[in-house]
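S.K.: Return atomic coordinates for the entry below.
(one chain, ligands or ions: 2)
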Amino acid sequence: MEETPAIKLSGITKWYGSVQAVCSVNLDIRQGEFFSLLGPSGCGKTTTLRVIAGLESPTAGRVYLEGEDVTDVPPYRRNVNTVFQDYALFPHMTVEENIYFPLRMRKISRVEARPMIQEALALVNMSGFEKRYPHQLSGGQRQRIALARALVNRPKALLLDEPLGALDFKLRVAMQKVLKDIQRNVRITFVYVTHDQTEAITMSDRICVMKDGLIHQVGTSEEIYNSPSSIFVAGFIGDMNFMEGVVTERHGDEVVVDVNGFIIRSGRPMGNFVVGEKVMVCVRPEKICAQDVCNLEDMQRFDNRFQAVITRIVFRGNDYEITVGLGEASMRLIESASDFKGENEGDSLYVGFLKEDVLLYPLQAEEEKTHEQLD
Ligand SMILES: Nc1ncnc2c1ncn2[C@@H]1O[C@H](COP(=O)(O)OP(=O)(O)OP(=O)(O)O)[C@@H](O)[C@H]1O
Ligand SMILES: [Mg+2]
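M.R.: Ligands and ions are numbered 1, 2, ... in the order given. Prediction:
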């Protein structure tokens with residue numbers, strides 16, 4: 001039997017006046033999973049989270065927590081806690097009092113609360129900070145206290161809205177590990193909102209990619225990275241080369257595309273294509289291999305091989321991003337600093353890639369298509 005989802009959204013739609021923030025969202029979030037809502041600004045992530053928390057009531061649809069319909073249950077009776085970007089600690093209270101606050105609301109005595117507070121502090125690695133005030137803490141420490149406060153009454157789920165957004169890059173990366181470790185320890189369901197794809201990919205068990213209030217794809221990081229379901233997901237997660245072309249042949253799973261006179265073979269058509277159809281050809285830069293024009297043997301294994309001219313070289317620290325021209329189209333590839341052969345702009349080189357690494361998408365307006373699928 002299927003496990004009851006920790007959180008289930010069924011046909012959730014949210015209008016703010018004439019703005020549709022969320023559109024017919026269906027989601028099953030599993031018990032104990034680290035689940036991320038990922039998408040560009042304004043796609044409806046915060047709204048979805050607030051509907052789960054009960055801070056916003058949906059225009060249509062139902063919300064279930066552990067199988068129970070909570071759509072009409074107020075937020076404080078839902079047993080889920082939310083952590084926002086701006087910590088929201090009480091400035092006039094010590095760390096200890098801040099963490100005690102939700103327990104006090106539940107009429108738990110100080111004596112009874114003490115070990116719970118100690119445990120929550122240990123969980124976020126902040127034991128010994130009980131007597132400090134928020135202004136005596138760094139940003140990362142404050143966010144850890146906010147987490148301790150959200151976890152101290154052991155909610156069924158923790159909802160986090162860009163909780164690391166206010167931290168600088170290094171601290172954010174460090175806090176990502178802290179958060180992930182905490183989640184592994186407590187095994188509480190985490191719903192994590194971010195617009196940072198790297199953050200989502202490295203932390204999540206599963207990711208929901210949203211755009212314009214619609215879900216584009218739900219899957220593990222690998223599924224979303226390796227088999228994006230739409231052109232939008234292909235471009236939003238990781239780096240991607242895009243080239244428009246026209247289908248010239250189809251043999252089973254192999255589709256041949258003409259990109260401005262260059263013939264590209266794809267073994268991963270994401271749809272049923274007919275000859276003459278316009279398509280988007282997608283190849284990840286790291287899947288493209290480059291070779292000196294005098295050194296061709298290694299290129300034989302590639303279904304797609306071209307001689308191309310380097311138009312741009314960008315040094316990025318660990319690697320070089322090389323742009324090559326294919327007629328009017330261009331594509332980027334990555335050479336690690338140790339593999340870099342000292343090429344120059346204007347040089348010719350051979351590029352090769354496997355047909356399995358070429359994804360094809362229909363070129364019709366993809367938003368319209370997604371809406372149609374929902375109707
Ligand atoms: N209270 C509100 N009143 C009117 N419109 C709103 C309100 N809250 C959100 N919206 C609109 O709903 C849409 C979705 O907003 P939401 O805050 O859910 O996006 P988001 O994905 O969290 O974006 P961000 O990454 O910028 O935080 C946006 O177009 C936004 O302008
Ligand atoms: Mg938001």
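S.K.: residue ranges with poor pLDDT in the stretch 201-350 of the chain?
M.R.: Counting by pLDDT under 70, the stretch 201-350 of the chain shows low-confidence ranges at 293-295.
S.K.: all helices of it, in order?
M.R.: 221-226, 231-236 (DSSP state H, counting those that start in this stretch).
S.K.: Per the annotation, how does this structure divide into domains?
M.R.: In terms of domains, the chain is parsed into 7-233, 239-293+301-362 (source: automatic domain parsing).
S.K.: distance of H251 from ligand 1?
M.R.: 42 Å (Cβ to the nearest ligand atom, to the nearest Å). The way it works is simple: take the backbone N, C-alpha and C, and place the C-beta from them, glycine included.
S.K.: Up against ligand 1, what does the protein have?
M.R.: 16, 19, 21, 39, 41-47, 195 (Cβ under 6 Å from any ligand atom).
S.K.: What helices and strands are in contact with the strand or helix carrying L160?
M.R.: According to DSSP states H and E, L160 maps onto strand 157-161. Counting contacts by 3 or more Cβ pairs under 8 Å, 6 or more residues apart in numbering; DSSP states H and E, strand 157-161 is packed against helix 45-53, strand 80-83, strand 189-194.
S.K.: Narrow the residues of the chain next to ligand 1 to those that are buried.
M.R.: 21, 39, 43-47, 195 (16 or more other Cβ atoms under 10 Å).
S.K.: For ligand 1, what's the nearest residue on the stretch 151-300 of the chain?
M.R.: The stretch 151-300 of the chain approaches ligand 1 most closely through H195 (4.7 Å), counting by Cβ to the nearest ligand atom.
S.K.: Kindly list the main-chain dihedrals of that residue?
M.R.: When read as degrees, to the nearest 10, the backbone of H195 gives phi -110, psi 10.
S.K.: contacting residues for it?
M.R.: By Cβ atoms under 8 Å, 6 or more residues apart in numbering, the contact list for H195 reads 38-41, 45, 162.
S.K.: distance of it from R132?
M.R.: 31 Å (Cβ to Cβ, to the nearest Å).
S.K.: Can I get the residues of the chain next to ligand 1 in CSV including pLDDT?
M.R.: Formatted as CSV, the residues of the chain next to ligand 1 follow (pLDDT from 0 to 100):
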residue, pLDDT
Y16, 96
V19, 94
A21, 97
G39, 96
S41, 94
G42, 94
C43, 96
G44, 97
K45, 97
T46, 96
T47, 97
H195, 90
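S.K.: Make a markdown table from those residues and add distance to M126 to it.
M.R.: Output for these, formatted as a markdown table (distance: Cβ to Cβ, whole Å):
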| residue | distance to M126 |
| --- | --- |
| Y16 | 38 |
| V19 | 40 |
| A21 | 35 |
| G39 | 32 |
| S41 | 31 |
| G42 | 34 |
| C43 | 33 |
| G44 | 33 |
| K45 | 28 |
| T46 | 27 |
| T47 | 32 |
| H195 | 27 |
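S.K.: in stretch 173-188, what counts as buried?
M.R.: For stretch 173-188, by 16+ other Cβ under 10 Å, it's 175-176, 178-180, 182-183, 186, 188.
S.K.: Stretch 265-281 too?
M.R.: Residues 265-270, 273, 277, 279-281 are the ones in stretch 265-281 that count as buried (16+ other Cβ under 10 Å).
S.K.: just those residues now: which is nearest S330?
M.R.: For the buried residues of stretch 265-281, the residue nearest S330 by Cβ to Cβ is V281; the value is 12.5 Å.
S.K.: quick one: the helices in the stretch 1-150 of the chain?
M.R.: With DSSP H, counting those that start in this stretch as the criterion, the stretch 1-150 of the chain has helices spanning 45-53, 95-105, 110-123, 139-151.
S.K.: can you list those helices in TSV and add distance to E244?
M.R.: Converted to TSV, the helices of the stretch 1-150 of the chain look like this (distance: least, Cβ to Cβ, whole Å):
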stretch	distance to E244
helix 45-53	30
helix 95-105	54
helix 110-123	51
helix 139-151	44
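S.K.: between the ones you listed, which one is nearest to P228?
M.R.: Closest among the helices of the stretch 1-150 of the chain, using Cβ to Cβ: helix 45-53, at 18.5 Å.
S.K.: Residues in contact with the top helix by length along the chain: which ones?
M.R.: Of all segments of type helix in the chain, defined using DSSP state H, the longest is helix 169-186. Here helix 169-186 makes contact (Cβ under 8 Å, 6+ apart) with 34, 123-125, 138-140, 143-144, 147, 151, 154, 160, 163-164, 167, 190, 192, 199, 202-203.
S.K.: what do you get if the cut-off is 10 Å, keeping everything else the same?
M.R.: The contact list for helix 169-186 (Cβ atoms under 10 Å, 6 or more residues apart in numbering) reads 32-34, 83, 120, 123-125, 138-141, 143-144, 147-148, 151, 154-155, 158, 160, 163-167, 188-190, 192, 194, 196, 198-199, 202-205.
S.K.: The nearest residue to T13 once chain neighbours are set aside: neighbouring residues, count only.
M.R.: What sits nearest to T13 in space, not counting adjacent residues and going by Cβ to Cβ, 6 or more residues apart in numbering, is A60, at 4.3 Å. Here the count is done by other Cβ atoms under 10 Å, and A60 has 13 residues near it.
S.K.: Please work out which of the helices of the stretch 201-350 of the chain is packed deepest.
M.R.: Among the helices of the stretch 201-350 of the chain, helix 231-236 has the highest mean neighbour count (mean count of other Cβ atoms under 10 Å), at a mean of 21.
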